[in-house]
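> Have a look at this fold, sequence not included:
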Ligand SMILES: [Zn+2]
Ligand SMILES: [Zn+2]
């Protein structure tokens with residue numbers, strides 16, 4: 001019904017608009033209908049990346065697939081940014097403004113899953129697209145190519161760019177790309193993430209710092225000569241106890257979490273080596289610095305009390321997302337124009353089956369995927385390396401409903417949705433919204449300026465400085481190590 005009215009309206013607009021010059025609305029409609037015509041092709045690309053399911057810094061074939069699409073469309077490629085084999089950018093056009101979209105394509109270990117509503121891996125213990133990055137990268141490339149066609153057709157100046165950004169899941173690809181200056185000449189960055197709602201945000205997420213703490217002690221026979229031993233595991237346990245007490249004395253929004261990656265080799269030998277892997281998060285990087293300094297003291301306390309040695313290796317650190325009010329309002333307007341996702345009866349049945357596998361108490365209503373929600377102002381409690389980009393270039397992000405309402409990220413259910421038509425529907429919402437937004441920015445230099453002003457206001461004099469040590473290299477083998 002709504003669709004009939006929409007096409008009647010489109011027909012009315014076509015008949016009532018002058019043929020030339022075409023109205024902004026008419027140009028947008030043309031962009032959207034061209035994207036509709038190409039959507040099956042990009043659904044196939046996304047499916048291929050879902051099938052490949054390559055983990056961080058190993059996304060060779062996935063990156064090549066997107067690169068090939070962009071090259072075929074006439075984009076010129078800059079390869080191996082920051083020395084990372086799967087990081088690249090692709091440009092079309094010339095001069096200012098430079099408007100960019102971010103693409104990710106890394107999968108997650110252990111989340112292999114067939115596109116069915118029950119737990120059934122493709123490869124037991126294998127990787128899978130549980131964060132929907134197959135959709136993320138493909139939608140961004142699709143948007144970039146659609147914008148290129150629009151710029152060419154309407155003879156509009158400027159550069160549309162796609163950034164291929166690897167290893168978002170813990171490898172921090174974008175941080176090294178920022179450090180390599182890849183974003184220096186970029187005016188605006190647009191990005192999105194799969195989820196189960198359609199909305200944009202002027203909220204933020206959490207800055208984080210992660211590190212491994214290693215303790216080295218003295219081995220000894222645990223029964224025969226325990227007094228000769230100095231236990232690295234004891235040091236780690238004291239550190240963790242101190243950290244648990246610290247939780248009471250940090251700001252409420254703080255998140256602290258850890259795992260023990262090595263706790264000794266045998267109970268009858270005093271452990272001479274122990275290692276834990278820690279994350280600390282807070283909405284503000286300067287506040288997080290203070291929390292982190294106290295976490296290091298917990299580790300020092302462990303080493304001091306047990307007469308062991310301690311070393312810390314920073315693994316990663318990402319900034320919180322710096323929202324942009326100007327860009328968010330343009331994205332919101334365009335997302336409303338594109339609208340939400342309607343499920344077919346088969347998709348509806350799939351969705352209901354998926355929801356039966358999720359805890360019933362916190363399930364949002366079915367039909368949420370059809371709506372576009374109000375602009376979000378909340379702090380999310382996750383982190384992403386897109387945050388680092390947002391501190392050097394004005395950035396907007398939206399979420400599109402690629403997963404059945406209530407599906408958490410990093411679950412087999414999200415892998416399943418990302419590999420079938422429900423995921424594709426959300427991907428197209430994102431691609432269209434990104435493309436419409438980029439086109440708006442190309443058409444009006446004033447918007448780009450306003451976004452920049454808002455960026456400076458939001459940054460409030462805080463200069464971006466990654467907490468990763470300067471000599472820190474991209475951990476290209478982080479998924480290969482235990
Ligand atoms: Zn993720
Ligand atoms: Zn993700």
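All right, it came through fine. Here the structure is a predicted model, which means the values were calculated and not measured. Ligands and ions are numbered 1, 2, ... in the order given.

> pLDDT on the longest helix along the chain, on average?
Secondary structure of the chain per DSSP state H: the longest helix is helix 24-52. Per-residue pLDDT over helix 24-52 has a mean of 95.

> Residues touching the very next helix or strand once past that helix, excluding its own?
Following helix 24-52 in sequence order, the next helix or strand is helix 60-72 (DSSP states H and E). Contacts of helix 60-72 with the rest of the structure, by Cβ atoms under 8 Å, 6 or more residues apart in numbering, involve 45, 48-49, 52, 54, 77, 85-86, 88, 90, 92, 103, 105-106, 134, 137-138, 141, 144-145, 162, 164, 166. To be clear about C-beta, it is placed using only N, CA and C from the backbone, and glycine gets the same treatment.

> Which strands or helices does the next helix or strand along the chain from helix 60-72 pack on?
Sequence order places strand 76-78 as the next helix or strand after helix 60-72, per DSSP H and E. Counting contacts by 3 or more Cβ pairs under 8 Å, 6 or more residues apart in numbering; DSSP states H and E, strand 76-78 packs against helix 60-72, strand 88-94.

> Could you single out the most deeply buried of the ones you listed?
Counting by mean count of other Cβ atoms under 10 Å, strand 88-94 has the highest mean neighbour count of the helices and strands packed on strand 76-78, with a mean of 21.

> pLDDT below threshold where in the stretch 351-482 of the chain?
Scanning the stretch 351-482 of the chain with the threshold set as pLDDT under 70 gives 481-482.

> where along it do the strands fall?
395-401 (DSSP state E, counting those that start in this stretch).

> Go through stretch 299-308 and flag the buried ones.
For stretch 299-308, a neighbour-count test (16 or more other Cβ atoms under 10 Å) marks 299, 300, 301, 302, 303, 306, 308 as buried.

> Quick check: strands, which of these are part of them?
If you go by DSSP state E, the buried residues of stretch 299-308 have nothing in strands.

> Show me those residues that map onto helices.
Per DSSP H, those map to helices at 299, 300, 301, 302, 303, 306.

> neighbours around residue 369, how many?
25 (other Cβ atoms under 10 Å).

> who's the closest residue to it other than its chain neighbours bridged to?
Distance criterion Cβ to Cβ, 6 or more residues apart in numbering; nearest residue to residue 369, sequence neighbours excluded, is residue 401 at 3.9 Å. Assessed by DSSP bridges, residue 401 has beta-bridge partners residue 195.

> My read is that residue 220 contacts residue 226, right?
Yes. Assessed by Cβ atoms under 8 Å, residue 220 is found in contact with residue 226 at 6.3 Å.

> any common contacting residues for those two?
With Cβ under 8 Å, 6+ apart as the test, residue 220 and residue 226 both reach residue 270.

> more crowded one of these two?
Neighbour count, other Cβ under 10 Å: between residue 220 and residue 226, residue 220 has more, with 17 against 11.

> What residues does residue 167 make contact with?
Contacts of residue 167 by Cβ under 8 Å, 6+ apart are 56, 57, 59, 84, 86, 106, 173, 474, 478, 479.

> Which residue, other than its chain neighbours, is closest to it?
Residue 167 sits nearest to residue 56 (Cβ to Cβ, 6+ apart), 3.2 Å away.

> secondary structure class for the nearest residue to residue 410 once chain neighbours are set aside?
Nearest non-adjacent residue to residue 410, counting by Cβ to Cβ, 6+ apart: residue 130, 4.8 Å away. At residue 130, secondary structure determined by DSSP: H, G, I helix; E, B strand; the rest coil is coil.

> Quick check, residue 130 in contact with residue 415.
Yes. Between residue 130 and residue 415 there is a contact under Cβ under 8 Å: 4.5 Å.

> what's the overlap in contacts for the two?
111, 113.

> re earlier: distance of the residue nearest to residue 369 from residue 32?
Counting by Cβ to Cβ, to the nearest Å, the gap from residue 401 to residue 32 is 18 Å.

> For these two, work out which one has more neighbours and name it.
Between residue 401 and residue 32, residue 401 has the larger neighbour count (other Cβ under 10 Å), namely 28 against 18.

> For the stretch 301-450 of the chain, which segments count as helices?
Using DSSP state H, counting those that start in this stretch, the helices of the stretch 301-450 of the chain run over residues 325-338, 345-356, 386-390, 412-418, 421-443, 445-459.

> among these, which is nearest residue 281?
helix 386-390 (10.9 Å; Cβ to Cβ).

> returning to that earlier point: top of the contacts of residue 167 by number of neighbours, please.
Neighbour-wise, these (other Cβ under 10 Å) top out at residue 106, 31 neighbours.

> gap between the closest residue to that one other than its chain neighbours and residue 261?
Once flanking residues are discounted, residue 106 sits nearest to residue 56: 4.4 Å by Cβ to Cβ, 6+ apart. Distance, residue 56 to residue 261, using Cβ to Cβ: 18 Å.

> repeat for residue 102
Distance from residue 102 to residue 261, by Cβ to Cβ: 31 Å.

> what about those two, which has more around it?
For the pair residue 102 and residue 261, the greater number of neighbours falls to residue 102 (27 against 14), based on other Cβ under 10 Å.

> tell me the phi and psi of that one?
phi -100, psi 140 (degrees, to the nearest 10).

> Who does it form a beta bridge with?
Assigned bridge partners for residue 102, using DSSP bridges, are residue 163.

> and it, what does it touch?
140, 163, 165, 174, 189, 190, 191, 386, 389.

> what's the farthest-apart pair in the residues you listed?
Among these, 174 and 190 lie farthest apart (Cβ to Cβ), at 14.1 Å.

> the more surrounded of the two?
residue 174 (31 against 27).

> Show the contacting residues for the more buried one.
By Cβ under 8 Å, 6+ apart, the neighbours of residue 174 are 102, 163, 165, 168, 385, 386, 388, 389.

> same thing but at 10 Å, please
Contacts of residue 174 were listed using Cβ atoms under 10 Å, 6 or more residues apart in numbering, and they are 81-82, 87, 102, 104, 163, 165-168, 182-183, 189, 191, 318-319, 384-390.

> element containing it, please.
With DSSP H and E as the test, residue 174 turns up in helix 173-179.

> Likewise for residue 99?
Going by DSSP H and E, residue 99 is part of strand 98-103.

> Quick test: name the residue nearest the centre of the chain.
residue 384 (5.4 Å; Cα atoms, centre = their mean).
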